[in-house]
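**Q** the following comprises the amino acid sequence and a computationally predicted model.
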Amino acid sequence: MAEQFDAIVIGMGPGGEVAASRLIDAGKRVAVVERELIGGECGYWACIPSKTLLRSPEARYESRQAAGLAEPDLDWPALRDYRDAMIRHLDDHRQVQGYEDLGATVVKAGARVVGREPWTVEAGDRTLSAEHLVLATGSAAFRPPIDGLETVDPWTNREATTLTEIPRRAVLVGGSAVGTELGHFLARMGTRVAIVERGPRPLGREEPRVGDLADWHLSQAGVDVRTEARVEAVRKEVGETVVTLDDGREIRTDVLILATGRVPRVDGLGLEDLGVPVERPDGRAGIPVDEHCEVAEFPRLWAVGDVTGVAMFTHVAKYQGRVAADTILGRPRTADYTGVPRVVFAQPEIAAVGLTSEQARNAGMDVVSSEVDLTAALAKPWTFDTEPAGTLGLVADRRRRVLVGAWAVSPMAGEFIHTAATAVRAELPIDVLLDGIAQFPSYNEGFLAAAEQLDLD
Ligand SMILES: Cc1cc2nc3c(=O)[nH]c(=O)nc-3n(C[C@H](O)[C@H](O)[C@H](O)COP(=O)(O)OP(=O)(O)OC[C@H]3O[C@@H](n4cnc5c(N)ncnc54)[C@H](O)[C@@H]3O)c2cc1C
Ligand SMILES: NC(=O)c1ccc[n+]([C@@H]2O[C@H](COP(=O)([O-])OP(=O)(O)OC[C@H]3O[C@@H](n4cnc5c(N)ncnc54)[C@H](O)[C@@H]3O)[C@@H](O)[C@H]2O)c1
């Protein structure tokens, strides 16, 4: 006999947690099913450990840039211990207890969907059924077809973010967000790092200028960035791994790290048997959802987070969790992704929002763009760093006189990009930006400087 609920949530990463919490708060009977750890990839093997690890080498480097400061020592065992505390020593019993205390049923097992009307799920030795089913199963590291890959025990984000010793040498395959962040971390910790990226520059989805600046800063950190290069084969030799590139060159390393993207986790969920699509209209993997995060033609089936393939960020997973839960609760919300910030926690931070110039042109806009060297335009970089760097760019639609995109490669870019995120989302008239009064001295003043460079007439 199935246990009855108002809603079942499969997968308790940030997307599932937000959806479940909102439904529980509203008094719904909720079952949550998690096969690993409540908190998901983000909490244990992605955002939390990576940002914790990045902070200490970043602060050490920043101390070199602040006048009159001596560089502090970095105590790796202490940083590692703090990282372990931040990932709760890979133990979620408090989270399980927390949800049970709130009245939810927690099932720690892999879930499989076996029926609809009502949605029926098997998890471990239990059968659960509910009117609403929320799929929040996230994504897993993509393993590219490389000869010999499995013979060299490659790391994914999981081994990299829970590392216990700093490797002497590392080759990162892929130079996007994961490759750039791990590249900075390892290089600043003393690892000899190479990044092998098949595209012409790192961070290929961003404005080309952003990729070029990312490349420059990685090189400054000592990373050997190889672009338009692919790893063809890898093999083990005594005590090391040999990486062969498509041009025949070889790199010798201690660890090979895959940073080649992620695939939505849909395997084993039983969705195909029920006819639920697991491919988006553009052919990419992911459960296609409408603007309420509901799966078309499958009423009361919802999907949130990485499994939707919309944008693989924790803040998007959480947003979709809010949209789906509120819609389930009878307060329909429509998801809008125009103002999603994209921050790579490199040094300095790399942040973007909205469209690139090319995307804006492809959308038929009358595109104007501008770029300012923040060190030439502002006082803040100089009060902050003795050897400052910082660049900010804007993309605007001349016809509507609104900002449609922005990017920055600068200290604190991950914070001040939110000014642009709000402007893009709200279609704030550029004239308001031009009449803006930002705090002096701040990086935010850069938006006025860059807006004044836009050729709007
Ligand atoms: C190295 C790295 C760093 C990152 N840093 C950032 C960052 O700084 N900021 C940011 O916004 N994003 C970051 N991301 C992306 C972020 O981690 C993801 O976007 C986020 O975790 C997605 O949340 P989610 O809830 O969709 O899925 P997940 O966090 O993947 O959680 C899904 C959960 O579902 C469970 N599950 C899967 N299948 C089943 C099943 N059949 N039955 C039961 N349970 C199941 C899994 O065990 C997992 O706990 C990073 C990613 C990586 C790899
Ligand atoms: N700070 C953050 O918000 C943050 C941090 C890390 C990851 N993430 C998210 O996690 C997801 C995964 O990130 P990611 O960097 O792993 O993936 P990605 O999909 O962003 O990029 C993968 C990169 O690997 C390259 N690549 C793929 N196969 C290759 C091959 N065989 N040889 C050489 N290069 C190859 C691609 O060209 C691309 O540049 C992304 O959606 C990202 O936004 C976010």
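**A** Sure, I can see it. Small disclaimer: the values here were computed from a predicted structure and weren't measured. Ligands and ions are numbered 1, 2, ... in the order given.

**Q** got the contact list for Arg94?
**A** When contacts are counted by Cβ atoms under 8 Å, 6 or more residues apart in numbering, Arg94 touches Arg88. Quick note: C-beta positions are derived from backbone N, CA and C, even for glycine.

**Q** in a helix, that's where it is, yeah?
**A** Yes: per DSSP: H, G, I helix; E, B strand; the rest coil, Arg94 lies within a helix segment.

**Q** and it, how far from ligand 2?
**A** Per Cβ to the nearest ligand atom, to the nearest Å, Arg94 is found 26 Å from ligand 2.

**Q** likewise Val263?
**A** 10 Å.

**Q** wait, what's in contact with that residue?
**A** Contacts of Val263 by Cβ under 8 Å, 6+ apart are Ser139, Ala140, Phe142, Ala285.

**Q** nearest residue to the third one in space, please, no chain neighbours.
**A** Right, the one you point to is Phe142. Leaving out its chain neighbours, the residue that sits closest to Phe142 by Cβ to Cβ, 6 or more residues apart in numbering is Gly261, at 4.6 Å.

**Q** so that neighbour touches Ser176, yeah?
**A** Yes: using Cβ atoms under 8 Å, Gly261 makes contact with Ser176 at a distance of 7.2 Å.

**Q** compare the two (neighbour count), which wins?
**A** Ser176 (21 against 14; other Cβ atoms under 10 Å).

**Q** how many neighbours does the closest residue to ligand 1 within the stretch 51-200 of the chain have?
**A** Residue nearest to ligand 1 within the stretch 51-200 of the chain: Gly138 (2.0 Å; Cβ to the nearest ligand atom). Gly138: 25 surrounding residues under other Cβ under 10 Å.

**Q** Arg322 now?
**A** Arg322 has 18 nearby residues by other Cβ under 10 Å.

**Q** check contacts around Pro49.
**A** Pro49 makes contacts with Arg83, Met86, Ile87, Thr161, Thr162, as judged by Cβ under 8 Å, 6+ apart.

**Q** and the stretch 1-150 of the chain, which of its residues are near ligand 1?
**A** Residues of the stretch 1-150 of the chain lying close to ligand 1 by Cβ under 6 Å from any ligand atom are 10-16, 33-36, 40-42, 46-47, 50-51, 110-111, 136-139.

**Q** give me the most central residue, this structure.
**A** Centroid-nearest residue in the chain, with Cα atoms, centre = their mean: Phe313, separated by 3.8 Å.

**Q** so what's Ser370 closest to, chain neighbours aside?
**A** Spatial nearest neighbour of Ser370, chain neighbours left out: Gln453 (3.6 Å); criterion: Cβ to Cβ, 6+ apart.

**Q** before we move on, what about Gly393?
**A** In space, Gly393 is closest to Glu371, 4.4 Å off (Cβ to Cβ, 6+ apart).

**Q** how about the one you found, secondary structure?
**A** Under three-state DSSP, Glu371 falls in the strand class.

**Q** what about it, neighbour count?
**A** Counted with other Cβ under 10 Å, the neighbours of Glu371 add up to 13.

**Q** for it, give me its contacts.
**A** Glu371 touches Arg209, Thr391, Leu392, Gly393, Leu394, Ala450, Gln453, counting by Cβ under 8 Å, 6+ apart.

**Q** picking up where we left off before, give me the buried subset of the contacts of Pro49.
**A** With burial judged by 16 or more other Cβ atoms under 10 Å, the buried subset of the contacts of Pro49 is Arg83, Ile87, Thr161, Thr162.

**Q** list the contacts of the residue of the stretch 251-400 of the chain found nearest ligand 1.
**A** In the stretch 251-400 of the chain, the residue that lies nearest ligand 1 is Gly305 (2.1 Å; Cβ to the nearest ligand atom). Residues in contact with Gly305 (Cβ under 8 Å, 6+ apart) are Gly11, Gly13, Pro14, Gly15, Gly16, Ala136, Thr137, Gly138, Val316, Ala317, Gln320, Gly321.

**Q** ramachandran angles for the third one?
**A** This points to Pro14. Here is the backbone geometry of Pro14 (degrees, to the nearest 10): phi -60, psi -40.

**Q** wait, it touches Thr314, no?
**A** Yes: look at Pro14 against Thr314 with Cβ under 8 Å: they come within range, at 4.7 Å.

**Q** where do the strands sit along the stretch 251-400 of the chain?
**A** Here the stretch 251-400 of the chain has its strands, by DSSP state E, counting those that start in this stretch, at 255-258, 262-264, 301-303, 342-344, 349-354, 367-373, 391-397.

**Q** just those: most buried one?
**A** Stretch with highest mean neighbour count among those: strand 301-303 (a mean of 27; mean count of other Cβ atoms under 10 Å).

**Q** how about the residues of this protein near ligand 2?
**A** Residues of the chain lying near ligand 2 (Cβ under 6 Å from any ligand atom): 144, 173-179, 181, 196-199, 204, 230-231, 259-262, 312-313, 343-345.

**Q** what strand or helix carries Glu17?
**A** Using DSSP states H and E, Glu17 falls within helix 14-25.

**Q** may I see the buried residues of that helix?
**A** Pro14, Gly15, Gly16, Glu17, Val18, Ala19, Ala20, Ser21, Arg22, Leu23, Ile24.

**Q** try stretch 204-213
**A** In stretch 204-213, counting by 16+ other Cβ under 10 Å, buried: Glu206, Glu207, Arg209, Val210, Gly211, Leu213.

**Q** those residues in helices, which ones?
**A** Among the buried residues of stretch 204-213, the ones falling in helices (DSSP state H) are Arg209, Val210, Gly211, Leu213.

**Q** could I get the phi/psi values of the nearest residue in space to the last one that is not next to it in sequence?
**A** Take Leu213 and drop its neighbours on the chain: the residue closest to it by Cβ to Cβ, 6+ apart is Val409, 4.3 Å away. Per-residue torsions, Val409: phi -120, psi 100 (degrees, to the nearest 10).

**Q** what's around Val409, how many residues?
**A** Neighbours of Val409 (other Cβ under 10 Å): 28.
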